[in-house]
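> Provided below for reference: sequence and predicted model.
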Amino acid sequence: MQKMAELLSLWCKCGEETLGACALAGPCLAGNRLNLDVYPDGCCHFLRLLKEQREEVVQIEFLRLSSNDCLIGSALDSLPHLEHLKSLVLKGGHIRDKFGSCQRGSLTSLPQDLGNLKCLTHLDLSFNRLSTLPSCILHLPSLRVLLVSHNSLLALPEDFGCLSKLTFFSAMKNQLTDLPQSIGELSMLHTLDLSENVLQLLPEEIGNLHNCKELVLSGNCLSSIPDSLANLKSLRELHLHSNFLVTVPASLASLPNLSRLDLQNNCLRAVPAEIQALPFVVLHGNPLGETEPSLQAGNCKASAACVIHSCISSRSFPVTSEGCKVVLPYDIHFCFPPGAASDPLRISFRLLEPDPQWVKLRHHDVLLSKVLELQPHGVKFQQEVQIWMPFVPPQILHHNEVVVRTFNGQSWSDLRTRVERKRGLMMAHCSVLHFSWFLVVSRLVQDECKVPAEGTLLFSSVDPNIKVIFPPGVTKEPRSVKMQVLHIPAKKIDKITANAGCRASPLLCLSQDSLMDFLNPVTIQLPLPPGVTGLNLDQFRLRLLHGDLEGQTWDDITSQVVLKFTHIYVMFEVTHFSWYWLWYTTKTYIEGIAKKVYERLRLYQVNFIALQRKKDPEQVLLQCVPKHKVDPVLARLQNRYQGPEPSDMVEMFEGEQFFAAFERGISIDMDRPDCVDGRLSFIFYSHLKNMKEVYVTSPVDRKGQAVKGQVSFYRGTVPENIPEDASRRRKGADSLWLATLPIKLPQLKPRSGENHGPLRGFSFPPLNLGNAETGYLTQANLLSIARRVGSDWQTIGLNLGLTYQQIERIGHNNRDDLDKQILGMLFSWAQQNSEDPDCVSKLIAAMKESGRQDIADEVEAIIDLGRQKYSESIRRVGLEPETNTEDSAIATM
């Protein structure tokens, strides 16, 4: 850690001093650079500086402005005066909407005289609203780098090839359907990124890009690629994943410099042997050898008959009017029939952790998946789109049913759902006409019917012995009625009541869509409790209980109704619906017993585990595991982790919050978004993992001794619909301690030849990786990440896209120092990808692919925290523009 700190001071001293000066002094002119995009009113400052310090401003060579600024139009009119300008950044995405999504800038065009900037070599117009490429760009003779990603470009101009000096061009995340033939005239182009468009064909002329080293065409609608790609003799990386490719030319194998060929998540059922023999080709997610499309369910007949696997770095996929089939990470499937989308459309997706303040579970609901968000919110389709969401099967399926639940921005509703098994996975299948938020839950089986004035009969599909009889004249207007039945095993009641001799029938839950009571009494039939028949029935021991809709109170209404008996049934009449429970007992105060039993039915028995990674004891895995899953979980983790035995058993509610606190000389990063008052916050869901991996540190000098600390678990808040008595016993962060497990950090052993002086041999320019949508990473962030990498650095480097030769060279040059190897790998990758707006997402994906979910979580936490701190700093100095938008509940997740 000390060596890392010294590297930070060596690499970042200049960059940090400059950043600190700007933060203290506000917008300022520093040499030939003017960076004003971090200020909401940056254009105003630019115009003021141009007026007050014109001689200095017209000499600047590097300018950054935010296109979200309301004065961007006025600023654009002044740009032609900056005749020495070499780099111009006019990006949007600096502010967010109420759902947390980046808002594009307001640029739809550029002034024609902007083409007079003869010295301009770098132009970034990302995150704007351009539908056509401004014609003035074609008059920039010195332009070498052009970024127009995250716009709405439908086509490139036919004479686009006149930009003869262009070396880097990125138009990712637009709506391009084809390319002009003149694209082949960009003879100096080194990098071409056209990912996540809707390209269907490539011109043969693309094979004329003889100097192209990286070609990114992932996330399009390509079903084939031209043979002329084999002419790109300088090509090193070819990215074609997440398309509709059914074949690839074997001639690609002859490219002499190719070191990465990504063909994963296409429709390839056969691949030429020459391609398969390449050691660097990636073919995952293709239906190799299959004779039928991967999805053949229901009446979905996409004409493309193809599967797209969208990788985690793209987080979006295209949809055209021809229809398609899509497979996302975590095996989420879609089927878009022909005509579902009238125009080409790009769908963005993300998986969110469920927040109990927003995800409201009903009684006896069990959450089976994370929340899937699909954007644009509320987009309408002409035909139903089918969705398959995988879920963890609940323990009991007979009395429960699985449904997909969707959120419309105000409330949740259940969709008609069919459960299917695909490739060994249980899938919840539904059809929708719009996109919003979706999750999978298990609920009590629900039977429902429409009650007309003539009356009807409603049976329980779980227990046919339970039925409700609606006589004629029971209602004037038709009303909907729902029935749910909860079976409670006799052994469970005996255990909870300590063998008090109580027996109970199934719990009946009735509801309707009307607030009016029924006009005539409705007859309810329930089976007698187990072991009780008309022959041995003691009517004085039979109790009928009525419960409120929240299960908070239970009242004995036996004396208020007339009970009629048969050999195995009891019948009674009511005029309004609620919960009904039939008990057979000698106890006089049965209401309290029923309340206790009902409360305990919703509790789960769990154990806590705290394990340390064998290769890196500072990495700690914390998990809350249902009792019956403890042994399988430990068996799966024992090869990589070690630690104490699980905690004693405790009980928790579905959706209950708990905290993990590191104590006795061990601490964690307090700036984590999930850290509350120094404690990690968890939400328990019985069928989700409830797991986090964190890095711990100790202020104690471990070079002299090991640190024997501990992690303790405490209760937090409970779901809103928990009985009041149970909630009262769980209030307060420290009111109920749950468990404590030991954590030991071993004594540090200094490496041989360790030098505590300043490290030399590395010199990198300041880095600022990412973009406004994915967030930024700095040198300091990379240094923090490097501390956690350890011996996995080579695997991570390969998954980041470094070549075997690069990895070997880094290892050889720094063979006596693991820290230098790690830093060399990370910063080599960072330099190569500093212009890639998706590099942060790719870093997260590489960490996950390398089995380092802990570092992936850390990077995501850094990004989220950086956004939060930036927003707070803007508000603190009064630079945030006034806004009337209200945060949605979804934005707080």
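Nice, thanks for sending it over.
> mind listing the helices for the stretch 101-250 of the chain?
Shown for the stretch 101-250 of the chain, no helices are assigned by DSSP state H, counting those that start in this stretch.
> Tell me where it has strands.
122-124, 145-147, 168-170, 191-193, 214-216, 237-239 (DSSP state E, counting those that start in this stretch).
> Let me see the mean pLDDT of stretch 455-468.
Stretch 455-468 shows a mean pLDDT of 91.
> Enumerate every residue touching Ser218.
Taking CB atoms under 8 Å, 6 or more residues apart in numbering, we find Ser218 in contact with Ser195, Glu196, His239, Leu240, His241, Ser242, Asn243, Asp262, Cys311, Ser314. All C-beta spots, glycine's among them, are computed from the backbone N, C-alpha and C.
> which two from those end up farthest apart in space?
Across those, the longest distance by CB to CB is 14.1 Å; it joins Glu196 and Asp262.
> Give me the more crowded residue out of these two.
Glu196 (29 against 22; other CB atoms under 10 Å).
> so what's the residue nearest to that one when sequence neighbours are not counted up against?
The shortest distance from Glu196 to any non-neighbouring residue, by CB to CB, 6 or more residues apart in numbering, is to Gly219 (3.8 Å). Contacts for Gly219 were tallied using CB under 8 Å, 6+ apart; they are Ser195, Glu196, Asn197, His241, Ser242, Asn243, Ser310, Ser314, Ser316, Phe317, Pro318.
> can you put those in TSV and add distance to Ser442 and pLDDT?
Formatted as TSV, the contacts of Gly219 follow (distance: CB to CB, whole Å; pLDDT from 0 to 100):
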residue	distance to Ser442	pLDDT
Ser195	38	89
Glu196	35	84
Asn197	40	87
His241	35	85
Ser242	32	79
Asn243	37	82
Ser310	27	45
Ser314	31	55
Ser316	30	75
Phe317	29	76
Pro318	34	78
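> pLDDT below threshold where in the stretch 401-550 of the chain?
Along the stretch 401-550 of the chain, segments meeting pLDDT under 70 span 549-550.
> ranges for the helices of it?
Under DSSP H, counting those that start in this stretch, the stretch 401-550 of the chain gives helices at 490-496.
> cool, and the stretch 251-400 of the chain?
Using DSSP H, counting those that start in this stretch, helices in the stretch 251-400 of the chain cover 273-276.
> What residues of the helix or strand Tyr598 falls within count as buried?
In this assignment (DSSP states H and E), Tyr598 forms part of helix 590-601. Within helix 590-601, the residues that count as buried by 16 or more other CB atoms under 10 Å are Ile590, Glu591, Ile593, Ala594, Lys595, Lys596, Val597, Tyr598, Glu599, Leu601.
> Pick the one among these closest to Cys43.
For the buried residues of helix 590-601, the nearest to Cys43 is Glu599 (60.2 Å; CB to CB).
> how near is the closest one to Glu656?
To Glu656, Glu599 is 13 Å away according to CB to CB, to the nearest Å.
> Then Met649?
15 Å.
> go on, Val57?
Counting by CB to CB, the gap from Val57 to Glu656 is 59 Å.
> out of these two, which sits in the more crowded spot?
The neighbour comparison of Val57 against Glu656 (other CB under 10 Å) goes to Glu656, with 25 against 20.
> Quick check: that one touching Ile683?
Yes. Between Glu656 and Ile683 a contact is recorded at 7.4 Å, counting by CB atoms under 8 Å.
> where in the stretch 651-800 of the chain is pLDDT low?
Applying pLDDT under 70 to the stretch 651-800 of the chain picks out residues 669-673, 700-704, 718-735, 748-768, 770-776.
> how does it look with 80?
668-678, 695, 697-705, 717-736, 747-784, 787-788, 790-792 (pLDDT under 80).
> For it, just list every one of the strands.
Using DSSP E, counting those that start in this stretch, the strands assigned to the stretch 651-800 of the chain run over residues 656-663, 675-676, 679-684, 691-695, 707-715, 737-745, 768-771, 775-778.
> Same list (those strands) but as CSV, adding distance to Cys136.
Output for these, formatted as CSV (distance: least, CB to CB, whole Å):
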stretch, distance to Cys136
strand 656-663, 56
strand 675-676, 49
strand 679-684, 52
strand 691-695, 50
strand 707-715, 60
strand 737-745, 60
strand 768-771, 24
strand 775-778, 29
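> right, so of those, which gets closest to Arg48?
The closest of these to Arg48 is strand 768-771. By CB to CB, the value is 25.5 Å.
> Counting neighbours, which of the contacts of Ser218 comes out on top?
In terms of neighbours by other CB under 10 Å, the contacts of Ser218 top out with Ser242 at 31 neighbours.
> Can you give the domain ranges for the chain?
With domains defined by the TED database, the chain comprises 153-281, 307-444, 446-588, 604-719+733-745, 779-875.
> want to throw these into TSV with distance to Leu143?
Listed next are the domains of the chain as TSV, based on distance: least, CB to CB, whole Å:
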stretch	distance to Leu143
domain 153-281	6
domain 307-444	27
domain 446-588	63
domain 604-719+733-745	40
domain 779-875	15
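> Nearest to His94, out of these?
Comparing the domains of the chain by CB to CB, domain 779-875 comes nearest, at 9.5 Å.
> Can you report phi and psi for Leu637?
Leu637 adopts backbone torsions of phi -100, psi -10, taken as degrees, to the nearest 10.
> before we move on, what about Ala830?
Phi and psi for Ala830, reported as degrees, to the nearest 10, are phi -60, psi -40.
> Quick check: it vs His487, distance?
Look at Ala830 and His487: by CB to CB, they are 58 Å apart.
> more neighbours, those two?
When Ala830 and His487 are compared for neighbours, Ala830 comes out ahead with 19 against 15, by other CB under 10 Å.
> any idea how far that one lies from Asp792?
Distance check for Ala830 against Asp792: by CB to CB, it reads 17 Å.
> got it, and Trp412?
Per CB to CB, Trp412 is found 41 Å from Asp792.
> swap in Lys51?
55 Å.
> Looking at these two now, which is surrounded by more residues?
Asp792 (18 against 10).
> The more buried one is in contact with Ser850, isn't it?
Yes. Using CB under 8 Å, Asp792 is in contact with Ser850, at 5.8 Å.
> quick one: which of the buried residues of helix 590-601 is nearest Ser514?
Distance to Ser514, by CB to CB, is smallest for Tyr598 among the buried residues of helix 590-601, at 26.2 Å.
> Give me the pLDDT for that closest one.
Looking at Tyr598, its pLDDT reads 85.
> could you dump the contacts of Gly219 to TSV with distance to Ser369?
As requested, these are arranged in TSV below (distance: CB to CB, whole Å):
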residue	distance to Ser369
Ser195	28
Glu196	25
Asn197	30
His241	25
Ser242	23
Asn243	28
Ser310	18
Ser314	21
Ser316	20
Phe317	19
Pro318	25
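> closest to Glu214 among those?
Taking CB to CB as the measure, Glu214 lies nearest Ser195 of the contacts of Gly219, at 11.2 Å.
> Which residues are in contact with the closest one?
By CB under 8 Å, 6+ apart, the contact list for Ser195 reads Met172, Lys173, Val216, Leu217, Ser218, Gly219, Asn220, His239, Ser314.
> Now tabulate the residues you listed in TSV and tack on distance to Lys380.
Converted to TSV, the contacts of Ser195 look like this (distance: CB to CB, whole Å):
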residue	distance to Lys380
Met172	26
Lys173	22
Val216	32
Leu217	30
Ser218	28
Gly219	23
Asn220	24
His239	32
Ser314	24
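> Tell me if I'm right that Ala197 and Leu222 touch.
Let me fix one detail, which is that residue 197 is Asn and not Ala. No. Contact status for Asn197 versus Leu222: not in contact, 9.9 Å apart, counting by CB under 8 Å.
> Now for the residue nearest the centre of the chain: which residues touch it?
In the chain, the centroid-proximal residue (CA atoms, centre = their mean) is Leu351; its distance is 3.0 Å. Listed by CB under 8 Å, 6+ apart, the contact set of Leu351 reads Pro329, Tyr330, Lys370, Val371, Leu372, Glu373.
> now Val606
Counting by CB under 8 Å, 6+ apart, Val606 makes contact with Cys624, Val625, Pro626, Lys627, Met649, Val650, Glu651, Met652, Phe684.
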